[in-house]
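> Sequence first, then the predicted structure:
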Amino acid sequence: MAELKLRFQSHNLPLAHTFTIAHGSRTQTPISFVQLQWGTDVGYGEAAMPPYLGESAQTAESFYSSLDFSWVTEPSDLERVLSYVQSHSLGNSSAKAAIDIALHDLHAKRLGIPVYQLFGLNPAEAPQSSYTIGIQPLDKVHTLLPNTDPFGLIKVKLGGDHDRQMIDLIRDYTDKPISVDVNQGWMKKERALEEIYWLKERGVVYVEQPMPKESIMDMEWLSQHSPLPTIADEAAQRLTDLFELKNCYHGVNIKLMKCSGIREGYLMAKLAKSLGLKVMIGCMTESSCGIAAAAQLASLADWVDLDGHFLLANDPFEGLSFNEGVVQLSQLNGLGVFPKHLTWDDQQWQ
């Protein structure tokens, strides 16, 4: 009888450029990859772990090592298997997402369909993705702007000491719409509102996480007065968060690494819409494996920000393409991606 077997490996993947947001800079990103095997079929998953999530390769590997799938008699029982993964321990959202993604990849491959068909979705309805420019020295911004040419929307990280100059430089280069992500960088609601009015005049279309996630009352006031939609990012991680945020923001940025995977990401998108919230499907700095997983849900979104694999110096997965600003899934079953230069021979199954 077949068994559901797991193995994993972790890496610090170098970034193509130093990536800076309001609270720090990185030149690499920690990522864990997992394989789930049933018989001859294999599913792939990914956990991308930015510092603010409080996860690391060590916590992810400890979580994986503690899992016991010996009781699983049918991996297509996604609800039962994922309920076990969710209840096994608190936290570990990214590590749980890796298992969720691999299980969906495995299940869809066994059925001979892409993952999005499990949810009745059509990737042809996905919006264009944005391309992200982190906080940069002004003389560096010029060198990064050509990277935005294939994209329909430019996302700019704010919260530095030259925000307006960055926007002006980008606006001098192109008249494409811009979105901004402040990563909780504005402390005062009055200053935030002043900045948002200035940004609106320069063609910005929405503002992500302008204030600290704990500033609930200030965010409610800001969203009531803002001329642009405000989008919760750090403030919105799991499904139940949406009920608390529906009066504080106009929309929510759903990331699989925050919400523990495809299953809850789908539920969050449906619930957000029912609550009158705009939906954004976003990502961390991830390989094509994680981006492909999020792209399965992209047709549910009003906005898409799935550029994490473009920010890596060397993407270890392949299978995605990019056309007219839209992340294109392959015609392969499952996630539609496969490892490019990962070797698994040294990793033991458990």
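Yep, that arrived.

> and N183, that's in a helix?
No: the assignment for N183, made by DSSP: H, G, I helix; E, B strand; the rest coil, is coil rather than a helix.

> So for it, what's the pLDDT?
Note on N183: pLDDT of 92.

> neighbours of it, just the number please.
N183 is flanked by 22 other residues according to other CB atoms under 10 Å. All C-beta spots, glycine's among them, are computed from the backbone N, C-alpha and C.

> after the helix or strand encompassing G290, next one along is what?
For G290, the enclosing helix or strand under DSSP states H and E is helix 288-295. Downstream of helix 288-295, the first helix or strand assigned by DSSP H and E is strand 303-304.

> mind listing what A295 touches?
123, 126, 281, 306, 320, 327, 329 (CB atoms under 8 Å, 6 or more residues apart in numbering).

> now the end-to-end length of stretch 64-77.
Stretch 64-77 has an end-to-end distance of 19 Å (criterion: CA to CA, to the nearest Å).

> And the closest residue to E244 other than its chain neighbours, its phi and psi?
The shortest distance from E244 to any non-neighbouring residue, by CB to CB, 6 or more residues apart in numbering, is to I216 (7.6 Å). When read as degrees, to the nearest 10, the backbone of I216 gives phi -70, psi -50.

> Roughly how far does Q136 sit from S299?
Q136 sits 32 Å away from S299, going by CB to CB, to the nearest Å.

> domains for the chain, by residue range?
Domain ranges of the chain: 4-113, 118-338, per automatic domain parsing.

> ok, now how distant is E318 from L332?
Taking CB to CB, one finds E318 at 11 Å from L332.

> For the two, list the residues in contact with both.
With CB under 8 Å, 6+ apart as the test, E318 and L332 both reach F338.

> Q350 versus A294, what's the distance?
Per CB to CB, A294 is found 27 Å from Q350.

> Tell me which of those two has more neighbours.
Neighbours were counted for A294 and for Q350 using other CB under 10 Å; A294 has more, 27 against 14.

> wouldn't the residue nearest to E244 be in contact with K246 here?
No: at 11.8 Å, I216 and K246 do not qualify as touching, with contact defined as CB atoms under 8 Å.

> Where do the strands of the stretch 101-250 of the chain begin and end?
Ranges of strands in the stretch 101-250 of the chain, per DSSP state E, counting those that start in this stretch, are 130-133, 153-157, 178-181, 204-208, 230-232.

> Kindly reformat those strands as a markdown table and extend each row with mean neighbour count and distance to G39.
Output for these, formatted as a markdown table (neighbours: other CB atoms under 10 Å; distance: least, CB to CB, whole Å):
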| stretch | mean neighbour count | distance to G39 |
| --- | --- | --- |
| strand 130-133 | 25 | 40 |
| strand 153-157 | 23 | 42 |
| strand 178-181 | 25 | 43 |
| strand 204-208 | 23 | 43 |
| strand 230-232 | 27 | 41 |
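
> Using CSV, lay out the ones you listed together with distance to H107.
Below are these laid out as CSV (distance: least, CB to CB, whole Å):
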stretch, distance to H107
strand 130-133, 30
strand 153-157, 32
strand 178-181, 33
strand 204-208, 32
strand 230-232, 30
